[in-house]
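# Using only what follows, build the 3D model:
(one chain, ligands or ions: 1)
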Amino acid sequence: MRLELSGITTAYGNTVALRDVDLVVPSGRVVALLGPNGAGKTTLLSTASGLLTPRSGQVYLDRAEVTGRSPDWRVRHGMCHITEGRSVFPGMTVRDNLRLFQRPGDDSDAIERAISAFPRLGQRLNQIAGTMSGGEQQMLATSRAYAQKAPLVLLDEVSMGLAPVIVDEIFHFLKMLVAEGTSLLIVEQYVARALALADYVYLLAKGRVMFAGDPSELQGTDIFERYLGEEMVGA
Ligand SMILES: Nc1ncnc2c1ncn2[C@@H]1O[C@H](COP(=O)(O)OP(=O)(O)OP(=O)(O)O)[C@@H](O)[C@H]1O
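The predicted structure is shown next:
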């Protein structure tokens with residue numbers, strides 16, 4: 001599924017967080033969205049998924065305009081947004097969380113798919129989600145993308161604060177999604193890993209697109225140093 005944002009400006013009251021942003025995630029491709037804190041990355045994903053309404057500009061899914069459509073509508077039509085933080089139902093079991101991931105009318109087994117993505121969830125189906133470790137809860141939240149068979153997945157810092165071994169599992173999972181032909185838009189603090197997976201990269205700063213292109217085009221430029229700080233390059 002193809003996603004396009006065209007001329008998007010999004011604001012919180014007087015704070016303009018995105019200014020005239022154009023971005024395309026071609027069908028079956030991976031786009032990494034990078035930028036310093038406060039650049040507007042989360043705002044961009046939320047505008048794409050309908051959690052925020054832009055002040056101007058359009059959002060298209062497979063070239064059909066969806067700007068006025070609700071987040072629910074976008075989910076039903078194939079978009080999955082994994083938001084920052086652990087979005088699970090903490091008082092419910094893992095199994096019941098997974099059941100809720102199933103899209104209406106989809107009779108395939110969301111639980112089986114989630115376990116194939118993250119096998120350790122299979123050992124914890126009866127556990128109350130809120131009692132799992134942070135990393136396990138993040139796996140559960142992230143597995144929604146696979147369980148729903150969403151053709152377009154937006155991921156906001158899903159590896160934030162996780163142990164390296166779990167970050168490895170998350171990136172292995174992202175490769176599984178890519179192999180299935182899923183379009184991905186990822187915001188990731190592990191810049192080098194995100195770039196290794198990405199077909200295209202967009203760099204946001206102060207709500208504007210400062211760079212858009214192939215990850216290899218960044219080599220030999222000072223864009224990273226200028227906008228992200230050198231220490232992030234190899235992270
Ligand atoms: N609910 C809000 N109300 C007011 N301003 C907000 C709100 N959410 C975000 N902002 C502002 O909008 C700008 C963009 O924020 P956003 O969270 O999109 O950036 P980000 O690139 O995702 O940052 P980070 O990497 O720190 O998560 C920032 O200046 C932020 O302070």
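# What is the end-to-end distance of stretch 145-161?
20 Å (CA to CA, to the nearest Å).
# ditto for stretch 37-54
20 Å.
# which ones are touching the most centrally placed residue in the chain?
Geometric centre of the chain, nearest residue: Leu155, 1.3 Å, by CA atoms, centre = their mean. Contacts for Leu155 (CB atoms under 8 Å, 6 or more residues apart in numbering) come out as 82, 142, 145, 174, 184-188. Glycine gets a C-beta too; all of them are placed from N, C-alpha and C.
# Quickly find the element holding it.
strand 152-156 (DSSP states H and E).
# Report the mean confidence score over that strand.
Mean per-residue pLDDT for strand 152-156: 96.
# How far off centre is that strand?
2 Å (CA atoms, centre = their mean, to the nearest Å).
# Equivalent analysis for stretch 111-121, please.
Using CA atoms, centre = their mean, the offset of stretch 111-121 from its chain centre is 19 Å.
# now swap in stretch 113-129 and tell me
Using CA atoms, centre = their mean, the offset of stretch 113-129 from its chain centre is 21 Å.
# got a list of contacts for it?
Counting by CB under 8 Å, 6+ apart, 88-95, 97-98, 101, 111, 132, 136-137, 139-140, 142-144, 146-147, 149, 169, 173, 176 sit against stretch 113-129.
# and with 7 Å instead?
By CB atoms under 7 Å, 6 or more residues apart in numbering, the surrounding residues in contact with stretch 113-129 are 88-95, 97-98, 132, 136-137, 139-140, 143, 146-147, 169, 173, 176.
# same thing with stretch 10-21?
With CB under 7 Å, 6+ apart, stretch 10-21 has contacts from 5, 7-9, 40, 43-44, 47, 52, 54-55, 207-209.
# Return a PyMOL selection command for the buried portion of the residues you listed.
Of the contacts of stretch 10-21, the buried ones can be selected in PyMOL as follows, counting by 16 or more other CB atoms under 10 Å:
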select buried, resi 5+8+9+40+43+44+47+52+54+207+209
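# Restricted to helices, list the contacts of stretch 10-21.
Counting by DSSP state H, the contacts of stretch 10-21 place 43-44, 47 in helices.
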